[in-house]
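dropping a prediction and its sequence here:
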Amino acid sequence: MKIAIVGGGASGLMAAIAAKGAGTEVVIYERNSRVGKKILATGNGRCNITNAYADTANYHGEHPEFINSVKNSFWVNETIDFFSNIGVLLKEEDGGKMYPYSDTASSVLDALRRAAARSGAITECGGDVKRVTKTKNGFSLSFYGRDDAVCDRVIIACGGCAAPASGSNGSGYELLRQLGHRITPLSPSLVQIKTETETVKKLKGIKVNANVTIGSRSERGEVLFTDYGLSGPPIFSLSAYLGNSTFAELDIMPEYSFSELSDMLTRRKSMLGDVPLEEFFTGMLNKRVGQAMLKSAGIMPLSRLGENLSRQEIKKLAAMIKCWRFEIKGTMSWNNAQVTHGGAATSGFDSETLESKLVRGMYACGEVLDIDGDCGGYNLQWAWSSGYTAGRSAMLSCVQQ
């Protein structure tokens, strides 16, 4: 019995390893010249393999609870054990992020490739699949520029549209659409947000720990100002949910209430009355951030002394610290995105096995499905878990036939 895996990324490699079974032949068809290219870029080249605190709340899509069955069979502890067994030692860092002790993504890919080869999986690179056809006895795979192939079971693990330089081109969505599956709206996720640039350009390179709100969603963490807008983990996590939102709102001192800040600034006026406004926030906020905030509030000139701040201006500054608004102009492109928001509707798949409800014998895993996670190792955890589930389910289906 032959199992074909379309895509040799994180979920595809895991599926290949999990599909090992008595009498099964596993072949990975990868359109790139080598497997796992996108893995090398994860975690800024360090590979954020998983997150110790990963849970359903960290995932998004039409039905994020779809992951619960997968989570119950292969999740964080199983992932840690799996990587330990193939020679990758993990370490935990802030926020539960788990990295290889080597701090190199290439070592993770090497271990996965070795494990896939040991399982007996065959890798055929340059295998760009253009169509999957259901036949009487299994499936036929049509390629660009090479002969067709046949298999008994097929796993779609092509990834999404994000980071096309790594080989992701959204082809998996078309393969599934041809077979009757609905694809939910696609948008870049875990990507920087573009805003009006007058203020952010002057703050390029500065980071603030802020609570960020876009629409009804909020995330807290380190925000980076760029020449085009905003970046950083909370921005990445909120990037897929812009919708019709007009502004990103930053609370840059989330530990303090509006009234506490009003009192603080009033005391500051008394203590630093002889200091020009351009220095008024020094020691409280980044100097350039304080100056930009004064300009945004229209409190000028910066040569004015602190003692001249009116009660109304103090309240205006306190309100801006709690809610500094930046007009949203969109997101950066797919080239900058780490993951795709949207994908093949999970309602079309069995949550226990990840087998298609429309085409028996076909499975899907990873980013091609309508599941995406927050920033911090959650998306790779979904890749490992869904890849394992799809691979093992396909193998068991073959063995039981």
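On my side now, so go ahead. Because the structure is predicted, anything quoted here is derived from the model rather than measured.

in stretch 29-38, what counts as buried?
Neighbour-count burial for stretch 29-38 flags 29, 30, 31, 32, 35, 36, 37, 38 (criterion: 16 or more other CB atoms under 10 Å). C-beta here means a position set from N, CA and C on the backbone, and glycine is covered the same way.

go through those and name the one nearest residue 80.
Using CB to CB, residue 36 comes nearest to residue 80 of the buried residues of stretch 29-38, at 19.6 Å.

and the closest one, how far from residue 394?
20 Å (CB to CB, to the nearest Å).

count the residues that sit near the spatially closest residue to residue 373 that is not a sequence neighbour.
Excluding the flanking residues, the one nearest residue 373 by CB to CB, 6 or more residues apart in numbering is residue 379, at 4.5 Å. The burial count assigned to residue 379 is 28, neighbours taken as other CB atoms under 10 Å.

hang on, residue 379 is in a helix, isn't it?
Yes: checked against DSSP: H, G, I helix; E, B strand; the rest coil, residue 379 lies within a helix.

how near is it to residue 7?
Residue 379 is 15 Å from residue 7, by CB to CB.

now do the same contact list for the residue with the largest distance to the centre of the chain.
The outermost residue of the chain relative to its centre, with distances by CA atoms, centre = their mean, is residue 274 at 48.2 Å. Neighbour list for residue 274: 305, 306, 307 [criterion: CB atoms under 8 Å, 6 or more residues apart in numbering].

mind telling me what element it is part of?
Using DSSP states H and E, residue 274 falls within no helix or strand.

quick one: pLDDT of it?
pLDDT recorded at residue 274 is 96.

may I have the phi/psi pair for it?
Torsion angles at residue 274 (phi, psi; degrees, to the nearest 10) stand at phi -90, psi 10.

could you list the buried residues of stretch 192-205?
Neighbour-count burial for stretch 192-205, counted by 16+ other CB under 10 Å, picks out 192, 193, 194, 195, 197, 199, 200, 203.

as CSV, those residues with secondary structure, distance to residue 329 and pLDDT would be great.
Output for these, formatted as CSV (DSSP: H, G, I helix; E, B strand; the rest coil; distance: CB to CB, whole Å; pLDDT from 0 to 100):
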residue, secondary structure, distance to residue 329, pLDDT
192, coil, 11, 97
193, strand, 8, 97
194, strand, 4, 97
195, strand, 6, 97
197, helix, 8, 94
199, helix, 13, 94
200, helix, 11, 96
203, helix, 16, 97
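
and the furthest pair within those residues?
192 and 199 (15.7 Å).

pretty sure residue 238 sits in a strand.
No: counting by three-state DSSP, residue 238 is not part of a strand but helix.

dump the residue contacts of it.
Residues near residue 238 by CB under 8 Å, 6+ apart: 193, 212, 214, 217, 219, 248.
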